[in-house]
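Participant: pasting a predicted model and its sequence here:
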Amino acid sequence: MSTPSASLYLGLISGTSADGIDAALVRMAQEQEQIPLNPPFSKGEEQRARCELVLGRTYAWDSALRERLIALGQGQDTVSLDAIGSLDVQVALAFAEAAARLLREADVTPAQVRAIGSHGQTVRHRPEAEFPFTWQLGDGNAIAERSGIATVADFRRRDVAAGGHGAPLMPAFHAAMLHSDREDRAVLNLGGIANFTLLPRVGDVRGFDTGPANALLDAWCERHIGHAFDADGTFAASGRVDEALLTRLLDDAWFALPPPKSTGREQFHLEWAQARIGDGAFAPQDVQATLLELTAATVADALLATQPQTRRVLVCGGGVRNPVLLARIAARLPGVAVESTAAYGLDPDFVEAMGFAWLARETLAGRPGNLPSVSGAKGPRVLGVVYPA
């Protein structure tokens, strides 16, 4: 086999919504000068030019496997060790197939790819338990064996072992790609869970989860109109916000916790919402509108509490395609520009997959991938486990 090119990396992730496997083939400079992970990023523009999306695709999960993963993530399903072991391999094989399909579409051979960075599928996230842990399925051994490409996986657990939350992990990548020395910015990822990366002109990068985003919206939409997601936010737009219900939703103590903090589907799931809805005679579209307003409110409140001088919010993740949600966030942040990361050269659908390709490169170079100012870890750590091809 020929020596792999140092410029091509492949990132794989399935997020909290488990709505598909995002795969991104990324081209990066072979010899990249290390840029500090805290501002000022004097060479930020040069850095941006060195990370390019070659091809990004989202591949659907097998429906039965997706249902099992969602049930596990919500804590609804208790399974045997044998079942967990089997799911670990099934997820890995699905990830490996996604990588293979992407390479075929890009007309790239495995030998040309330096490494895969695989996030896996989170099924439990308990960074504040008595014995803290986070768990992502998708055995790196199986991905490396099936793909023939060195694989970096299990990114989150080292940060948790160092006292951190293991999430969010994208702030280092966001900082490298989107920091500005002219204005205070924030990057907002609207996935199943919403999270911020705060990028002040000067000072430490910070990041944290703000609460539910697409996870609740998608689940309610699927239950009541049979669609996997609320296309263009039309279901929510057909309803009205119920202020009393919104107050009950906002009353969860998690929202008042200070950063660092992270969460997942095991915290914010449909049964969580249903418990607050109770037996009230709410029209389904009114609940959808209220769940959307919950996301807008918690996102805006979190930003105003932590970086009120922000001038620009750059949005990525599936929620970027929900104009109703973006409009409500913008309405709650007067004077702040709310726009897609696409305006800055990053496809909003594949920012996270690109980020895990970037983190794989950092791991192989022996550089830390976490930011203690974000996760609360005791210090910088090289993340992930390397599984050779």
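Facilitator: On my side now, so go ahead. Residues are numbered from 1 along each chain as shown.

Participant: got the domain boundaries for the chain?
Facilitator: Following automatic domain parsing, one finds the domains of the chain at 8-166+349-387, 171-344.

Participant: mean pLDDT and mean neighbour count for the ones you listed - can I get that in TSV?
Facilitator: The C-beta positions use only the backbone N, C-alpha and C, and glycine is treated the same way. Listed next are the domains of the chain as TSV, based on pLDDT from 0 to 100; neighbours: other Cβ atoms under 10 Å:
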stretch	mean pLDDT	mean neighbour count
domain 8-166+349-387	88	20
domain 171-344	96	20
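
Participant: and the helices in the stretch 101-250 of the chain, which stretches?
Facilitator: For the stretch 101-250 of the chain, the helices defined by DSSP state H, counting those that start in this stretch cover 140-147, 157-161, 171-178, 214-225, 234-237, 243-250.

Participant: now the nearest residue to Cys51 once chain neighbours are set aside: how far from Gly226?
Facilitator: Spatial nearest neighbour of Cys51, chain neighbours left out: Met28 (5.4 Å); criterion: Cβ to Cβ, 6 or more residues apart in numbering. Met28 sits 42 Å away from Gly226, going by Cβ to Cβ, to the nearest Å.

Participant: re earlier: looking at the helices of the stretch 101-250 of the chain, spot the one closest to Ala357.
Facilitator: Nearest to Ala357, of all these, is helix 171-178, at 9.3 Å by Cβ to Cβ.

Participant: got a list of what the residue lying closest to Ala60 once chain neighbours are set aside touches?
Facilitator: Nearest residue to Ala60, sequence neighbours excluded (Cβ to Cβ, 6+ apart): Gly20, at 5.3 Å. Residues in contact with Gly20, defined by Cβ atoms under 8 Å, 6 or more residues apart in numbering, are 14, 58-61.

Participant: next step: the residues you listed restricted to strands.
Facilitator: Using DSSP state E, the subset of those located in strands is 14, 58-59.

Participant: which one of those is nearest to Arg185?
Facilitator: Thr58 (26.3 Å).

Participant: now the helices: where do they sit in the stretch 251-389 of the chain?
Facilitator: For the stretch 251-389 of the chain, applying DSSP H, counting those that start in this stretch gives helices covering 270-277, 284-306, 323-331, 351-364, 372-375.

Participant: so for Gly207, which of those helices sits nearest?
Facilitator: Nearest of the helices of the stretch 251-389 of the chain to Gly207, taken as Cβ to Cβ: helix 372-375 at 4.1 Å.

Participant: check which helices and strands the closest one sits against.
Facilitator: When contacts are defined as 3 or more Cβ pairs under 8 Å, 6 or more residues apart in numbering; DSSP states H and E, helix 372-375 sits against strand 206-212.

Participant: who does the longest strand along the chain pair up with?
Facilitator: For the chain, the longest strand by residue count, based on DSSP E, is strand 115-126. Strand 115-126 has the following strand partners under DSSP bridges: strand 8-14 (parallel), strand 133-137 (antiparallel), strand 151-153 (parallel).

Participant: run the chain-centre distance for the shortest one.
Facilitator: Same thing as strand 151-153. In terms of Cα atoms, centre = their mean, to the nearest Å, the centre of strand 151-153 is set 17 Å apart from its chain centre.

Participant: not counting it itself, show me its contacts.
Facilitator: Identification of contacts with strand 151-153 by Cβ under 8 Å, 6+ apart yields 115-120, 136, 138-140, 143-144, 359-360, 363-364, 384-387, 389.

Participant: switch the cut-off to 7 Å
Facilitator: Here strand 151-153 makes contact (Cβ atoms under 7 Å, 6 or more residues apart in numbering) with 115-118, 120, 138, 140, 143-144, 360, 363-364, 384-387.

Participant: which among those residues gets closest to Leu245?
Facilitator: Taking the contacts of strand 151-153 together and measuring to Leu245 by Cβ to Cβ, the closest member is Gly120, at 34.6 Å.

Participant: hmm, that closest one is touching Gln136, no?
Facilitator: Yes: when contacts are counted by Cβ atoms under 7 Å, Gly120 is listed as touching Gln136 (3.3 Å).

Participant: could you list every helix and strand that whichever strand or helix holds Ile84 packs against?
Facilitator: Using DSSP states H and E, Ile84 maps to helix 81-106. When contacts are defined as 3 or more Cβ pairs under 7 Å, 6 or more residues apart in numbering; DSSP states H and E, helix 81-106 packs onto strand 8-14, strand 21-28, strand 51-59, helix 63-73, strand 115-126, strand 133-137, helix 140-147.

Participant: quick one, which of the ones you listed gets closest to Asp232.
Facilitator: Of all those, strand 51-59 sits nearest to Asp232, with 17.9 Å by Cβ to Cβ.

Participant: with only the CA atoms kept, save that closest one in PDB.
Facilitator: The C-alpha trace of strand 51-59 is given here as PDB (Å, rounded to 0.1, in the frame of the first residue of the first chain):
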ATOM      1  CA  CYS A  51      -9.000  23.400   5.900                       C
ATOM      2  CA  GLU A  52     -11.300  22.700   2.900                       C
ATOM      3  CA  LEU A  53     -14.400  20.500   2.600                       C
ATOM      4  CA  VAL A  54     -13.800  18.200  -0.400                       C
ATOM      5  CA  LEU A  55     -17.100  16.400  -0.100                       C
ATOM      6  CA  GLY A  56     -19.800  16.100   2.500                       C
ATOM      7  CA  ARG A  57     -22.700  13.700   2.600                       C
ATOM      8  CA  THR A  58     -25.300  12.500   5.100                       C
ATOM      9  CA  TYR A  59     -26.200   8.800   5.000                       C
END
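
Participant: next, the angle from it to helix 351-364.
Facilitator: 120 degrees (axes from the mean of the first three to the mean of the last three Cα atoms, to 10 degrees).

Participant: strand 51-59 pairs with which strands, parallel or anti?
Facilitator: Sheet pairing of strand 51-59 (DSSP bridges) gives strand 21-28 (antiparallel).

Participant: what's the span of stretch 215-235 from first residue to last?
Facilitator: 15 Å (Cα to Cα, to the nearest Å).

Participant: what residues does that stretch touch?
Facilitator: 16-17, 19, 192-193, 214, 236, 265, 268, 270, 273, 284-285, 287-288, 291-292, 322-325.
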